[in-house]
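1. generate a structure from the sequence data that follows.
(2 chains)
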Amino acid sequence: DSGVTQTPKHLITATGQRVTLRCSPRSGDLSVYWYQQSLDQGLQFLIQYYNGEERAKGNILERFSAQQFPDLHSELNLSSLELGDSALYFCASSAIGTSGDTQYFGPGTRLTVL
Amino acid sequence: GQNIDQPTEMTATEGAIVQINCTYQTSGFNGLFWYQQHAGEAPTFLSYNVLDGLEEKGRFSSFLSRSKGYSYLLLKELQMKDSASYLCAVRDGGYQKVTFGTGTKLQVIP
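-> Numbers count the residues shown, from 1 in each chain, chains lettered A, B, ... in the order given. As a prediction, the model looks like this:
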C-alpha cells in the first residue's frame, strides 16, 4: 500500500458525460501527479501540482482539467467524454516534486466510456 | 522533448539473471527511474539514478550512463513473481516532468 488513495476504483459512463476522479496523496506529500494509461500507449503524464499550484503540464486535453485543494487532495475532471478516454487513470504523489523525488502511485481509477 | 526506448517483451528462466535496457534522448536530464508494474496494478518504485554508475538494491540493480543516454535494470535470481512490466522513466531537468517509456513486459518461466 503506497499511502495514495484514489476514488472511485471503477467508473462506467457514456460518451459526452463528465466525471471527476479524486486523489488523496500520502501524508506529508505536497506534490500530486496525474497519469493516463491506455492499453496501447503506456503511462502518459497529464499534469502536476505542487502545494496547490500547477507545476508541470503534459499532454493534457483541453477537455480535461485538474486542481489541488488546500488540504492537498486533487481532482481530475474529464468532460465531453469520448470512447478513447477509456483508460486507467493514476494519481501519484511525492514529497516536494523536485529532482530525485520518488513518486508513489495510487491504485488507479479504471474509466470505461460506452 | 524526450524519447525513451525499451524492448517490448522479454522472457527469462526462474533463477536466472535478466538485463532490461533503456535508452533515452532528452533535452535536459535530471534523473532516471525504474518502476515495476503488474498487470492492472499501480507502478511501484524500484530505483533512481542521477549519477553515472550502478545502484544495487537486493536482487535489483540499476545502471546509468548519462553520456550514452543509457540505463539498464538487472534482476538476479529471478522469481515467478517478477513477471511484470518494467517501466523506465526520465525526469526532464527544465520542467521537472517525468516521461515514462512504454515498458518491457517480462515473463519468467519455470
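2. element containing A:A92, please.
-> Using DSSP states H and E, A:A92 sits within strand A:87-94.
3. please see if that strand touches chain B.
-> Yes: contact between strand A:87-94 and chain B, assessed by Cβ under 8 Å from any Cβ of the partner chain, occurs at A:L88, A:F90. Bear in mind the C-beta positions are built from the backbone N, C-alpha and C, glycine included.
4. residues in contact with that strand?
-> A:3-4, A:6, A:21, A:23, A:25-26, A:29-38, A:43, A:74, A:76, A:101-106, A:108-111, B:40, B:42-43 (Cβ atoms under 8 Å, 6 or more residues apart in numbering or on different chains).
5. name the strands paired with the next helix-or-strand element following that strand and say parallel or antiparallel.
-> Next helix or strand after strand A:87-94 toward the C-terminus (DSSP H and E): strand A:104-105. Strand A:104-105 sits in its sheet next to strand A:87-94 (antiparallel), going by DSSP bridges.
6. how far is the strand it pairs with from where the chain is centred?
-> 5 Å (Cα atoms, centre = their mean, to the nearest Å).
7. buried ones in it, by neighbour count?
-> A:A87, A:L88, A:Y89, A:F90, A:C91, A:A92, A:S93, A:S94 (16 or more other Cβ atoms under 10 Å in any protein chain shown).
8. next, give phi and psi for B:M80.
-> For B:M80, the backbone dihedrals (degrees, to the nearest 10) come out as phi -60, psi -30.
9. the residue lying closest to it once chain neighbours are set aside pairs with what?
-> Take B:M80 and drop its neighbours on the chain: the residue closest to it by Cβ to Cβ, 6 or more residues apart in numbering or on different chains is B:V108, 5.4 Å away. For B:V108, the beta-bridge partners are B:A12 (DSSP bridges).
10. hang on, isn't B:V108 packed against B:T13?
-> Yes: using Cβ atoms under 8 Å, B:V108 makes contact with B:T13 at a distance of 7.2 Å.
11. what's the overlap in contacts for those two?
-> B:L78.
12. which one's more surrounded, the two?
-> B:V108 (20 against 11; other Cβ atoms under 10 Å in any protein chain shown).
13. on that earlier part again, list the contacts for the residue nearest to B:M80?
-> B:T11, B:A12, B:T13, B:E14, B:L78, B:Q79, B:M80, B:D82, B:S83.
14. ok, of those, which come out buried?
-> B:A12, B:L78, B:D82, B:S83.
15. if we can go back for a sec, local confidence estimate at the residue nearest to B:M80?
-> Here, the pLDDT recorded for B:V108 equals 97.
16. look up how far B:T44 lies from it.
-> 17 Å (Cβ to Cβ, to the nearest Å).
17. quick one, strands of chain A?
-> A:5-7, A:10-13, A:19-24, A:31-38, A:42-50, A:53-57, A:64-68, A:74-78, A:87-94, A:104-105, A:109-113 (DSSP state E).
18. then chain B?
-> B:2-5, B:9-13, B:18-26, B:29-37, B:44-49, B:53-57, B:60-65, B:70-75, B:84-92, B:98-100, B:104-109.
19. can I get those strands in TSV with distance to A:T13?
-> Formatted as TSV, the strands of chain B follow (distance: least, Cβ to Cβ, whole Å):
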stretch	distance to A:T13
strand B:2-5	32
strand B:9-13	33
strand B:18-26	36
strand B:29-37	25
strand B:44-49	29
strand B:53-57	41
strand B:60-65	39
strand B:70-75	37
strand B:84-92	27
strand B:98-100	26
strand B:104-109	30
